[in-house]
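Novice: Compute the structure for the input listed below.
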Amino acid sequence: MKTLVLAAGLTASALGAEQLTLSNVTVTEVGAYVSPDSKLCEGFRLNEKEAVAFFGKAVAVTGEQLHDYSWLPCFVRGRATSSAGAVTWEIQPLGTGHITLPNGTTQSFADQAQKDKHE
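Specialist: Numbering: from 1, shown residues only. Now for the predicted structure:
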């Protein structure tokens, strides 16, 4: 079982808890917001270990802060069990992602190192 505690950057107002613990992280879908036949995203793949690593180093950001990051239409989606219940998550290339809680609250995350690469 893979377990990750997200604490850095998360607040009670952001996700309704002081920290969010993710376990049983699984990848459920790899795709793109463009044509499924697009060659643009064919190389973007993550496994469960890589997803845990992303959220382990990413920090919570606002929607406005996400504009500081480059974007590609590719994604890896998954599910996890959390201290708040079952959650879904999505990670995109170039260092962004989000987690959606059972109550519908979504928190965006970004890898600061990726932002620095694109400035």
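Novice: quick one: average confidence on the longest strand anywhere in the chain?
Specialist: Using DSSP state E, we find that the single longest strand of the chain is strand 20-32. Strand 20-32 carries an average pLDDT of 88.
Novice: for whatever helix or strand comes next after that strand, packing partners?
Specialist: The first helix or strand that comes after strand 20-32 along the chain, using DSSP states H and E, is helix 48-57. Applying 3 or more Cβ pairs under 8 Å, 6 or more residues apart in numbering; DSSP states H and E, one finds that helix 48-57 contacts strand 3-6, strand 20-32, strand 74-82, strand 85-92, strand 96-100. Using the backbone N, CA and C atoms, a C-beta is placed for each residue, glycine as well.
Novice: Give the next helix or strand downstream of helix 48-57.
Specialist: Counting by DSSP H and E, what follows helix 48-57 is strand 59-61.
Novice: neighbouring strands for that following strand, and are they parallel or not?
Specialist: Here strand 59-61 has these sheet partners by DSSP bridges: strand 106-110 (antiparallel).
Novice: Now the partner strand - C-alpha only, PDB.
Specialist: Extracted C-alpha coordinates of strand 106-110, given in PDB (Å, rounded to 0.1, in the frame of the first residue of the first chain):
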ATOM      1  CA  THR A 106     -11.000  20.600  -5.700                       C
ATOM      2  CA  GLN A 107      -7.500  21.700  -4.800                       C
ATOM      3  CA  SER A 108      -4.900  22.400  -7.400                       C
ATOM      4  CA  PHE A 109      -1.200  21.500  -6.900                       C
ATOM      5  CA  ALA A 110       2.000  22.500  -8.700                       C
END
